[in-house]
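> Give me a model of this one.
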Amino acid sequence: MKSKRRDFLKLAGLTGLGVAGGGLLDGFSSPLISTISTPNKNLNLMAEDNLSIIGQYGQWAASFNDGKLPSLSFRRKEFTNLNVWRETAKKRLLERLNIPDIGGTPEVKINKQFNYDGLHVEEITWQLPYGRPTEAIVLKPQNATGKLPGILALHDHGGNKYFGTRKITRTSDVQHPMMKTHQQDYYENFAWANEIAKRGYVVLVSDAFPFASRRVMMQDIPEHLRQKLTDENPEKQENIDAYNTWAGQHEHIMAKS
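Model (predicted):
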């Protein structure tokens with residue numbers, strides 16, 4: 001099993017290097033390589049020697065490893081204990097991710113509780129050290145007792161940053177028209193977080209960064225970036241459309257920042 005795992009990792013590593021550097025997979029006999037590189041001449045990434053899908057940067061990118069295994073690859077001979085390797089690799093991963101300090105588990109406030117369509121619904125919020133309070137919804141079977149298996153449900157992007165949790169939940173017979181259309185178009189008219197909860201799960205749905213309650217508000221940015229938009233009358237469709245257009249243009253600024 002270990003040998004097969006290492007062979008797979010080696011193949012995956014060579015595939016990555018081949019895409020960047022070009023020509024590195026020549027002569028490497030593998031059904032997987034044959035499948036991905038030969039069925040169609042126009043799709044063969046390695047068909048032309050010394051060419052790369054990132055142009056003249058290919059050889060430079062491939063030269064970083066120069067045929068050597070990355071320093072923390074489990075395929076290196078010094079790593080013989082999976083748990084030791086996992087601890088070392090996780091430490092390096094966390095260093096590279098530079099995860100912001102959220103100050104421990106935030107205090108959760110239950111703002112509203114009610115029953116709807118066979119489910120018990122809780123509307124909750126919590127405050128991180130940055131940004132506005134995060135709004136979230138907890139769904140579980142109405143008469144459930146004791147512990148339940150839990151699911152964290154993440155809503156889609158959809159080019160719509162004004163909405164978050166409402167994309168995949170339904171907590172009232174009255175929905176915003178845009179969310180009614182959204183669920184019809186993308187989820188066959190289902191609020192899938194609700195459907196999972198009905199099957200015996202407790203489901204937490206929170207607004208992702210930077211959507212809905214966590215979106216960038218006009219009042220919080222310099223005026224020259226607002227494009228004359230305001231935070232007034234936010235539920236009107238024309239205002240939502242305008243905000244989503246602005247948010248799409250602002251997305252690269254957020255990412256770069």
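> in the stretch 51-200 of the chain, which segments are predicted with low confidence?
Within the stretch 51-200 of the chain, no range satisfies pLDDT under 70.
> Could I get the full set of strands for it?
Along the stretch 51-200 of the chain, the segments classed as strands by DSSP state E, counting those that start in this stretch run 108-116, 119-126, 134-141, 150-153.
> so what's Arg226 closest to, chain neighbours aside?
Met218 (4.9 Å; CB to CB, 6 or more residues apart in numbering). Where C-beta positions appear, they are placed from N, C-alpha and C, glycine not excepted.
> so what's the residue nearest to the spatial centre of the chain up against?
Note on the chain: the residue nearest the mean C-alpha position is Leu154, at 8.2 Å, using CA atoms, centre = their mean. For Leu154, the contact set (CB atoms under 8 Å, 6 or more residues apart in numbering) comprises Val205, Ala208.
> quick one, phi/psi of it?
The phi and psi values for Leu154, taken as degrees, to the nearest 10, are phi -100, psi 130.
> buried residues in the helix or strand hosting Ala242?
Using DSSP states H and E, Ala242 sits within helix 237-256. Judged by neighbour count (16 or more other CB atoms under 10 Å), helix 237-256 contains these buried residues: Asn239, Ile240, Ala242, Tyr243, Asn244, Trp246, Ala247, His250.
> do stretch 159-174 as well
Asn160, Lys161, Tyr162, Phe163, Gly164, Thr165, Arg166, Lys167, Ile168, Thr169, Arg170, Thr171.
> Pretty sure Asn189 sits against Thr181.
No: between Asn189 and Thr181 there is no contact, the gap being 10.0 Å when judged by CB atoms under 8 Å.
> now the helices for the chain?
Taking DSSP state H as the test, the helices found in the chain are 2-21, 31-37, 57-62, 82-97, 177-187, 192-198, 237-256.
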